[in-house]
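Participant: Pasted the sequence and its predicted model underneath.
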Amino acid sequence: MKRTLLLLTTFIACLALSACSYSKKSYDDISLTQDNGTYRANDATTVSAAKISADEALGIALEYAGVTKDQVSVIENKLDYDDEILVYEIDFIFDNTEYSFNVDAHSGEIIELDRDNNIGH
């Protein structure tokens, strides 16, 4: 009887501890949307952690690609975590090529670049 009571108490304690466990906040797809020239996100703390703005990150990507904002169709510009690094994920199309950049939201450094040529063909 004592053994059963001990096992039951241990089980209840484990169950209670698992219910109180720490849950890491997910920062996947913290989307920025443009509204009257300003960007909004679903997590204000994350946006305030960025040292550069979404427009600055876009400017860095455009300059690297050698194009202007008027020449491209911007598909996406969102703040997200990539391998625990806060980045702006920027996708745009120019001359049938889709460009995808990850720009570090703290330093402005391009940490990833991908080009997909001849989209739509």
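Facilitator: Perfect, thanks for sending it. Residues are numbered from 1 along each chain as shown.

Participant: measure Y99 to A49 for me?
Facilitator: Separation of Y99 from A49 (C-beta to C-beta, to the nearest Å) stands at 25 Å. Where C-beta positions appear, they are placed from N, C-alpha and C, glycine not excepted.

Participant: do D82 as well
Facilitator: Taking C-beta to C-beta, one finds D82 at 14 Å from A49.

Participant: Output the below-cut-off pLDDT ranges for this protein.
Facilitator: Scanning the chain for pLDDT under 70 picks out 1-48, 120-121.

Participant: show me where it has strands.
Facilitator: Along the chain, counting by DSSP state E, strands occupy 32-35, 38-41, 73-82, 85-94, 97-104, 110-117.

Participant: so what strands line up beside the last one?
Facilitator: In this case it means strand 110-117. strand 97-104 (antiparallel) (DSSP bridges).

Participant: What angle do strand 85-94 and the partner strand make with each other?
Facilitator: Here strand 97-104 runs at an angle of 160 degrees relative to strand 85-94 (axes from the mean of the first three to the mean of the last three C-alpha atoms, to 10 degrees).

Participant: what's strand 97-104 in contact with?
Facilitator: 52, 57, 60-61, 64-65, 72, 75, 82, 85-93, 109-119 (C-beta atoms under 8 Å, 6 or more residues apart in numbering).

Participant: Provide the contact partners of stretch 110-121 at residue level.
Facilitator: Residues from elsewhere that reach stretch 110-121 (C-beta under 8 Å, 6+ apart): 60-61, 64, 82, 85, 87, 93, 96-104.

Participant: Quickly check those for the two that are furthest apart.
Facilitator: Greatest spacing in those, by C-beta to C-beta: I85 and N96 (30.4 Å).

Participant: which of those two has more neighbours?
Facilitator: Neighbour tally, I85 and N96, criterion other C-beta atoms under 10 Å: the higher count belongs to I85, 14 against 11.
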